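Visitor: Here is a sequence with its predicted model. Questions after.
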Amino acid sequence: MNFVSTPISGLTIIEPRVFGDERGYFFESFNLNTFRKHIGDIHFVQDNESKSSHGVLRGLHFQKPPFDQAKLVRCVSGEVLDVAVDIRKGSPTYGQHVSVLLSGENKRQFFIPRGFAHGFVVLSESAVFAYKVDNWYAPTHDAGIAWNDAALGIDWQVDLSKILVSEKDGKLPCLGEMETPFRVE
Ligand SMILES: Cc1cn([C@H]2C[C@H](O)[C@@H](COP(=O)(O)OP(=O)(O)O[C@H]3O[C@H](C)C(=O)[C@H](O)[C@H]3O)O2)c(=O)[nH]c1=O
């Protein structure tokens, strides 16, 4: 299992060791011991899964404290462009993002600590997306920023006219229009 740092501290790409044989493949999709060694302790409490068709964009979401969530995300089948945006006031990378191609093929995972907005767009015909979170779902604390906030400069790598977002996501504010609940000292 390889842990690859990114230009934003804390955002980590994980490349699992895949064992292939004539039957197919096996890999450990999560190992707390290895995770603790390379990233630190974590207590995931919920696993989520969603399936989306080409051009569906889910995000950019976060939950406000005390229900903020760290996420370990992966694409089980298909391919997505996954994006995490640093929304921690005082962070030297505030407003910056990292994009990662996740797919059933590359089996790559992306760890996103608390304090980031997260989303993905489906690049393949469809994609099954699975992820672990370290805090419970809290609809009263659900929040987000606009996927098309020009100030973020995200290249979603799809024809923007084909993007399908939920009504809720279509109404999210730009980062500059909101008071982020996250800060680093
Ligand atoms: C997130 C969540 C949702 N739900 C219910 C609420 C709605 O009735 C339905 C769909 O929820 P939503 O439209 O918020 O789902 P996504 O747009 O995929 O939201 C997720 O998308 C981006 C990529 C994220 O990073 C977040 O984890 C999460 O916000 O599932 C639950 O019951 N539990 C949950 O944990």
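Guide: Thanks, I have it. Numbering: from 1, shown residues only.
Visitor: Which positions in this protein make contact with the ligand?
Guide: N48, S50, R58, G59, H61, H118, G119, F120, Y137, S166 (Cβ under 6 Å from any ligand atom). To be clear about C-beta, it is placed using only N, CA and C from the backbone, and glycine gets the same treatment.
Visitor: what do you get if the cut-off is 5 Å, keeping everything else the same?
Guide: By Cβ under 5 Å from any ligand atom, the part of the chain that sits against the ligand consists of S50, R58, G59, H61, H118, Y137.
Visitor: How about this structure: which residue is closest to the ligand?
Guide: Nearest to the ligand, among the residues of the chain, is Y137, at 3.2 Å (Cβ to the nearest ligand atom).
Visitor: and that residue, what does it touch?
Guide: Q46, Q63, F67 (Cβ atoms under 8 Å, 6 or more residues apart in numbering).
Visitor: Among those residues, which one has the most neighbours?
Guide: Counting neighbours by other Cβ atoms under 10 Å, Q63 leads the contacts of Y137 with 21 neighbours.
Visitor: residues contacting the closest residue to it other than its chain neighbours?
Guide: Leaving aside its chain neighbours, Q63 sits nearest to H141 (4.7 Å; criterion: Cβ to Cβ, 6 or more residues apart in numbering). Applying Cβ under 8 Å, 6+ apart, one finds that H141 lies in contact with Q63, K64, P65, P66, F67.
Visitor: Greatest separation within those: which pair is it?
Guide: The largest separation in the contacts of H141, counting by Cβ to Cβ, is between Q63 and P66 at 9.2 Å.
Visitor: A helix includes N33, no?
Guide: Yes: looking at N33 with DSSP: H, G, I helix; E, B strand; the rest coil, it is inside a helix.
Visitor: Any chance of CSV for the residues of the chain next to the ligand, columns pLDDT?
Guide: What follows is those, written out as CSV (pLDDT from 0 to 100):
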residue, pLDDT
S50, 98
R58, 98
G59, 96
H61, 98
H118, 98
Y137, 98
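Visitor: Could you give the backbone dihedrals for the residue most central in space within the chain?
Guide: Here the mean C-alpha position of the chain is nearest to the C-alpha of H118 (Cα atoms, centre = their mean), at a distance of 4.5 Å. Note on H118: backbone dihedrals following degrees, to the nearest 10 are phi -130, psi 140.
Visitor: Residues in a beta bridge with it, which ones?
Guide: H61, A84 (DSSP bridges).
Visitor: Next, the contact list for it, please.
Guide: By Cβ under 8 Å, 6+ apart, the residues touching H118 are G59, L60, H61, F62, K71, V73, D82, V83, A84, V85, I112.
Visitor: And it, how close does it get to I163?
Guide: 17 Å (Cβ to Cβ, to the nearest Å).
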